[in-house]
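Engineer: have a look at this prediction, sequence included:
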Amino acid sequence: MEMGEITIVFSPGGEKRRIVVDESMRVRELLKTLLLDEESVVVVRGDEVLTEDRVVRPGEILTVFNVMSGG
Amino acid sequence: MKCKYCNGKAVIYVRRTRTPLCPSHLEEYLIKNVVKVFKHYRIDLSNKKILIALSGGKDSSTMASLMKKLSEVEDFEVVGLYIDLGIPKYSDYSLKAVEKLSRSLDLEVRTINLREALGFNISDTGFKRRTICSACGIIKRYLMNYAALVDGCQIIATGHTLDDITAYILKSYITQDLKSLVKLGVYNPPLNKLIPGKVKPLGYVSEKESLVYVLSSNYPFYHEECPYVSHETIEFQAKRFLNMVEAKHPGIKLYMLREYEKNRQLYEKLVEYPPLRRCKICGMPSQREVCSFCSIVKRITGSYDSVLKMWENNFLRII
């Protein structure tokens, strides 16, 4: 199993976090690691919106959009 | 995860209906929910001109896109409105998002610049944060009515979602604020010729659905927070609480809203309003001698002059 870092950028705010994942980690598991509820965030890779069953891999940059934001 | 209808790649799993959807079927689902609002409240859109209130954020971008698409197949017209409050950076970036959205949707958008129309920015008021938010709400509501009247719009559509409305309902229950509670419906019919009807086309749409829609359809929006926003407010905490309940009971927010709508008339009977009169400064409907808007302008500028000047001129600019 290949371990490595993925970079998470949070929006709003732009805070960055790097976490270690293994190749088979799904978005659902990633969100559990980040202590985030699936319904309160949307995970995006590039232009692609990822559902909870999608796999994320080391080396990737993901943006986690918070659903609740104060306008 | 595959879309339930076309087997394409899903971008969302709608838990309350247990349905995975691709971007185009998400759009179809959202349009159906917007149409449900108009049907449920028997809002006749034919030959109407609808003012689309735009903030630059995700929800108003979603609402504008869906309403524009609906207007292309139904017999009504839409026009956007952006109110530039002059909040450093935040208002500039929001306006840029609105400009991009306007081009992307081929939607005609007007702006009102607060400084140009009234001589001040929301950031120059010297108010404390809570007062700024309260004043900002009053100013925006008034300017939406102004724009609708100047531009001949019969209905104002705002981007409030199911999450916003249920959070405000819960807040009103907590504080037992019945006067606010009765106003929280998805649709408030026109009060008279001066106050147009107000509709929340995303009343049956969640914030998550709205966010996934703009992201997966590449519609422009600005996702940073207003510098004056507080996460400690009752409505913000109510939203978080309702999200926790929704996670365990998918569909509970929609159930809450529908039950509220059934009981709304009962709440209305419990509330007594002073008779509506005309503000002695601007002539708009008011429960007091001078309306809240004119009072705020006087407090900030020291006089009512800018209100009168605003009504004598058209401060709507096309972008």
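Structural biologist: Alright, I've got the coordinates. Numbering: from 1, shown residues only, chains lettered A, B, ... in the order given.

Engineer: tally of neighbours for residue 59?
Structural biologist: Picking chain A for this. 11 (other CB atoms under 10 Å in any protein chain shown). (C-beta placed from N, C-alpha, C; glycine too.)

Engineer: nope, chain B
Structural biologist: 25.

Engineer: now swap in B:L191 and tell me
Structural biologist: B:L191, neighbours per other CB under 10 Å, totals 13.

Engineer: how near is it to B:N145?
Structural biologist: 10 Å (CB to CB, to the nearest Å).

Engineer: hey, which helix is longest across chain B?
Structural biologist: In chain B, with assignment by DSSP state H, the single longest helix is helix B:129-151.

Engineer: helices or strands up against the helix or strand following that one?
Structural biologist: Using DSSP states H and E, the helix or strand that follows helix B:129-151 towards the C-terminus is strand B:155-157. Counting contacts by 3 or more CB pairs under 8 Å, 6 or more residues apart in numbering or on different chains; DSSP states H and E, strand B:155-157 is packed against strand B:49-54, helix B:129-151, strand B:197-199.

Engineer: neighbouring strands - and their directions - for the last one?
Structural biologist: This points to strand B:197-199. Taking DSSP bridges as the criterion, strand B:197-199 pairs within the sheet with strand B:155-157 (parallel), strand B:187-188 (antiparallel).

Engineer: average pLDDT for the last one, rounded please.
Structural biologist: Strand B:187-188 shows an average pLDDT of 94 in the prediction.

Engineer: the lowest-mean-pLDDT helix or strand in chain A and chain B in contact?
Structural biologist: Lowest on mean pLDDT, DSSP states H and E among the helices and strands of chain A sits strand A:16-22, with a mean of 88. No: under the criterion of CB under 8 Å from any CB of the partner chain, chain B is not reached by strand A:16-22; the shortest gap measures 15.5 Å.

Engineer: how about that strand: buried residues?
Structural biologist: A:V21 (16 or more other CB atoms under 10 Å in any protein chain shown).

Engineer: run a quick neighbour tally on the residue nearest to B:D177 when sequence neighbours are not counted.
Structural biologist: Nearest non-adjacent residue to B:D177, counting by CB to CB, 6 or more residues apart in numbering or on different chains: B:K171, 7.6 Å away. By the criterion of other CB under 10 Å, B:K171 has 20 neighbours.

Engineer: which strand or helix spans B:K171?
Structural biologist: Using DSSP H and E, B:K171 falls in helix B:162-175.

Engineer: convert that helix to PDB, retaining C-alpha atoms only.
Structural biologist: This file holds the C-alpha atoms of helix B:162-175, laid out as PDB (Å, rounded to 0.1, in the frame of the first residue of the first chain):
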ATOM      1  CA  LEU B 162     -34.200  25.500   2.900                       C
ATOM      2  CA  ASP B 163     -31.300  25.600   5.400                       C
ATOM      3  CA  ASP B 164     -31.700  29.400   5.900                       C
ATOM      4  CA  ILE B 165     -35.400  29.400   6.300                       C
ATOM      5  CA  THR B 166     -35.500  26.500   8.800                       C
ATOM      6  CA  ALA B 167     -32.700  28.000  10.800                       C
ATOM      7  CA  TYR B 168     -34.700  31.300  11.100                       C
ATOM      8  CA  ILE B 169     -37.800  29.400  12.000                       C
ATOM      9  CA  LEU B 170     -35.900  27.600  14.800                       C
ATOM     10  CA  LYS B 171     -34.400  30.900  16.000                       C
ATOM     11  CA  SER B 172     -37.900  32.400  16.100                       C
ATOM     12  CA  TYR B 173     -39.200  29.500  18.100                       C
ATOM     13  CA  ILE B 174     -36.200  29.700  20.500                       C
ATOM     14  CA  THR B 175     -36.700  33.500  21.000                       C
END
